[in-house]
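Participant: Sequence first, then the predicted structure, then my questions.
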Amino acid sequence: MKTFKSGVYINQGYYKSFQPNFINKEWQLDDMEVINLLGQADRQLGRLDMYSEYIPNIELFISMHIAKEATQSSKIEGTHTNVEEAFLDREEISQEKRDDWEEVQNYIQAMNTAISLLDDLPFSSRLIRETHKILLQGVRGEHKQPGNFRTSQNWIGGASISDATFIPPVHTSIPELMSDMEKFANDELNKFPELLKIALLHYQFETVHPFLDGNGRVGRLMITLYLVSKNILKKPILYLSDFLERNRSLYYDNLMLVREKGNLNQWFKFFLVGVIETAKSSIKTFDGILQLQKQVDTKLQLLGSRAVNAQKIMHHLYQRPVIQGQKIAEITGLSTATGYKLLGDLEALEILVEVTGAQRGKLYVFKDYVEYFK
C-alpha cells in the first residue's frame, strides 16, 4: 500500500477534477500499525456481535441505534434533530425544525429498508441507489436526481466550483468507477480484510461522489450495510457517524491525505480507531441498557396488577422512548384516563419524565434510556 496511487487531476478548463484509479486489484498489507489495529477492531466487533445472539429482544434497541446514527450523520451535513425529536410525530415538531426532522426520518427509513433489501440484494450499486432514493424523497435534495447517479459535475466545499475544496471525477466515468467498487466489494477470491475493504470502499465512494446530494450520508450508511452483508455483524448495531462527527476535521483531512499523497495507511488507522472506539462504546451502551432493564423490571413489580400493562408500555418505550397518553390505549387497550394514570405511576417511580409541563398533551420521555444514546 506504500506504492498506492490514488488518481490524477485532470484539467477541465477553468477547474481540475480528480480522477481516481480503480481499486479492484490485489492488495498487500504491509504496515504493522494497521495490522495491530485491525486485530483490535476485529476483537471488539466480535465482542459486540455477541450481543446480537445473547440479548433477548435485541430488535427493541436497534431502532434507537439507528435513530442516533440518523441524527449524528445528518448533523455532519448541518441538520439538527435530537434523538427524542426523531421519535415525535410530524405535527409535534415545530415548523422551523420540520425539514431537519424529515431528513432524519428518511435516514431511518433508508437504513431499515436497505437492511431488509440485503435479504435479496448483494452489496451493490443497485442497493446504494435504492437507499439514496429513500434518503432524498420529499426533502431538500428531492430535485437532485434521487436514486440516480449524477449527470453533471459537482464539487465539495466553496461557494462555487472555482473555489471548491475538492472536485470529484467527471460524471461520465461514474458507471465504471461504481462497477469497479462493486466488483471489489464482492470479490470472494480477494482475501483483503473486510474491515479494510469497507474503509477503502468508503474512501472511494466519497471521492467519486456519485450523487448530486446525500453522498456523505449514503457513504456512512454503507459502512453498516457492508458489515451486515458480509455477516461480520448479524444485526446493524455499529454506526460510525458519532465518531466521524466528533472528529470531523480529521475525517476530511485523512480523506484528502489519500487523494493528495496516496497515504492510505493513515486513513486505515483513522477508520480502524473509529471502529474500535465505536464498538467499545456500543458494548458499554448495551451493558448499561441491560442494567437499566433490571432496575425498571424491579420497579414495575411495585405496581402489582398494573405491572402487566406497564410492561407493555416499556416494551414500546425501548423502541420509541417518547410517549403521549393517547398512545396507551393503542398499546394496552386501556382508556385514555387510565393510561394517563399509569404514566403518572411510571413518573412517580422515576422511570419516565414529563417534559412539557402542560395540563394537556403531556409528553413523557424514558430519560435514563435516552441518555445512553447521547
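Facilitator: The structure has been received and is ready for your questions.

Participant: quick one: low-confidence parts of this structure?
Facilitator: 1-2, 79, 140-142 (pLDDT under 70).

Participant: Need the single longest helix in it, by residues.
Facilitator: Across the chain, the longest stretch assigned as helix under DSSP state H is helix 264-300.

Participant: Which parts of the helix or strand following that one count as buried, going by neighbours?
Facilitator: Later in the chain than helix 264-300, the nearest helix or strand by DSSP states H and E is helix 307-317. Of the residues in helix 307-317, Ala307, Asn309, Ala310, Lys312, Ile313, Met314, His316, Leu317 count as buried by neighbour count, 16 or more other Cβ atoms under 10 Å. Placement of C-beta: from N, CA and C, glycine included.

Participant: Count the neighbours of Arg98 for me.
Facilitator: Neighbourhood size, Arg98 [other Cβ atoms under 10 Å]: 13.

Participant: Quick check: it touching Arg90?
Facilitator: Yes. With contact defined as Cβ atoms under 8 Å, Arg98 reaches Arg90; the gap is 6.9 Å.

Participant: Helix, strand, or coil at the most centrally placed residue in the chain?
Facilitator: In the chain, the residue lying closest to the centroid (Cα atoms, centre = their mean) is Glu69, at 3.8 Å. Secondary structure assignment for Glu69 (DSSP: H, G, I helix; E, B strand; the rest coil): helix.

Participant: circling back: need the buried residues of helix 307-317 in JSON lines (columns: distance to Thr338).
Facilitator: Listed next are these as JSON lines, based on distance: Cβ to Cβ, whole Å:
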{"residue": "Ala307", "distance to Thr338": "14"}
{"residue": "Asn309", "distance to Thr338": "9"}
{"residue": "Ala310", "distance to Thr338": "12"}
{"residue": "Lys312", "distance to Thr338": "13"}
{"residue": "Ile313", "distance to Thr338": "12"}
{"residue": "Met314", "distance to Thr338": "17"}
{"residue": "His316", "distance to Thr338": "16"}
{"residue": "Leu317", "distance to Thr338": "18"}
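
Participant: Tell me, domain by domain, which residues of the protein belong where.
Facilitator: 14-285, 292-371 (automatic domain parsing).

Participant: For Thr3, find the nearest of these.
Facilitator: domain 14-285 (8.1 Å; Cβ to Cβ).

Participant: Quick one: distance of stretch 288-297 to the chain centre.
Facilitator: In terms of Cα atoms, centre = their mean, to the nearest Å, the centre of stretch 288-297 is set 25 Å apart from its chain centre.
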